[in-house]
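**Q** Just a sequence and a predicted model for now, questions to come.
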Amino acid sequence: MPKFLEIFKHSLGSFIKELNLFPVFYIFVIYISFYILPFEILDQKTFYHLWSYEEYLAEHLQFILYFSSSIFAFLNTLKNKYKFFNIQNLSWIFFFIIILFISIEEISFIEIFKNTSFEYLREFNISNEINIHNLNFISPYLQSLFIWVNLFLGFFGWKYFSKIDAIPKKKFSLFFLICAFGYFVIEIRRYIPAIPFIHQEIFEFLMALGLFLHALESFKKYSKS
């Protein structure tokens, strides 16, 4: 084998060893279940449908994971050794606010404020709901935003900002890169309808889980110091 191929093989092997490979097995299991578990389980839906459809298992778990991540992010600002206005704490506070907002949006929490001033949001909402992410001027760009956010979390973050604790570490890369790939497929399907349809909840679950595992791991680390 040529030397450059040996170097590439060694580098690739070392890189893969650093990664958490759960997302690869997860995607395999979910899609293979479509074929090996074709029978209906509940509400005339198979396991695949119960997992991947909107407002079913994956989406509910996403809320739990996002919300739990925000709680751990808040605790991390209290547990670590840094001063409150240190860049590390400011980063965790930013993490806390953004992920808490996402968790609230995940279940359209503001829907409980029906018949209030929030009702005006329905007029500009493509789903006739009281939430922010489905507003007419936000929704068309949401998937592109998720692609860039996940590329940052899965590569650019740990590559160029590794000293910031709130940014997920390299080993969690696949949780975000596979999620970015899923949203990329959904996005280009607008222009190439022949591409098979995929459910975004399958892929967004990985983002939620990756953020949760990162926040939990940081919490454990701070608790020991």
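**A** The structure has been received and is ready for your questions.
**Q** Every contact and neighbour count from this point should use C-alpha atoms.
**A** Will do.
**Q** So what's the residue count around residue 190?
**A** For residue 190, the neighbour count with other CA atoms under 10 Å is 10.
**Q** Now do it, the pLDDT please.
**A** At residue 190, the pLDDT value in this model is 87.
**Q** Need the residues that contact the helix or strand that contains residue 201.
**A** Here residue 201 sits within helix 200-224, counting by DSSP states H and E. Residues outside helix 200-224 that contact it (CA atoms under 8 Å, 6 or more residues apart in numbering) are 23, 27, 30, 51-54, 58-59, 61-62, 65-66, 68-69, 72-73, 75-76, 79-81, 150, 165-166, 168-169, 172, 175-176, 178-179, 182-183, 186.
**Q** Helix or strand next in line after the worst-scoring helix or strand of the chain on mean pLDDT, which one?
**A** Lowest by mean pLDDT, DSSP states H and E among the helices and strands of the chain is helix 3-17, with a mean of 55. Later in the chain than helix 3-17, the nearest helix or strand by DSSP H and E is helix 22-36.
**Q** what's that following helix in contact with?
**A** Contacts of helix 22-36 (CA under 8 Å, 6+ apart): 46-48, 174-175, 178, 202, 206.
**Q** What is the most widely separated pair among these?
**A** Farthest apart among those by CA to CA are 46 and 174. That separation is 26.8 Å.
**Q** Show me which of the two is the more surrounded one.
**A** For residue 46 versus residue 174, the count of surrounding residues by other CA under 10 Å is larger for residue 174: 23 against 16.
**Q** The one helix or strand that one maps to relative to helix 200-224, how many degrees between them?
**A** For residue 174, the host element (DSSP H and E) is helix 173-188. For helix 173-188 against helix 200-224, the angle by axes from the mean of the first three to the mean of the last three CA atoms, to 10 degrees is 150 degrees.
**Q** I'd like to know which elements helix 173-188 is packed against.
**A** helix 22-36, helix 139-151, helix 200-224 (3 or more CA pairs under 8 Å, 6 or more residues apart in numbering; DSSP states H and E).
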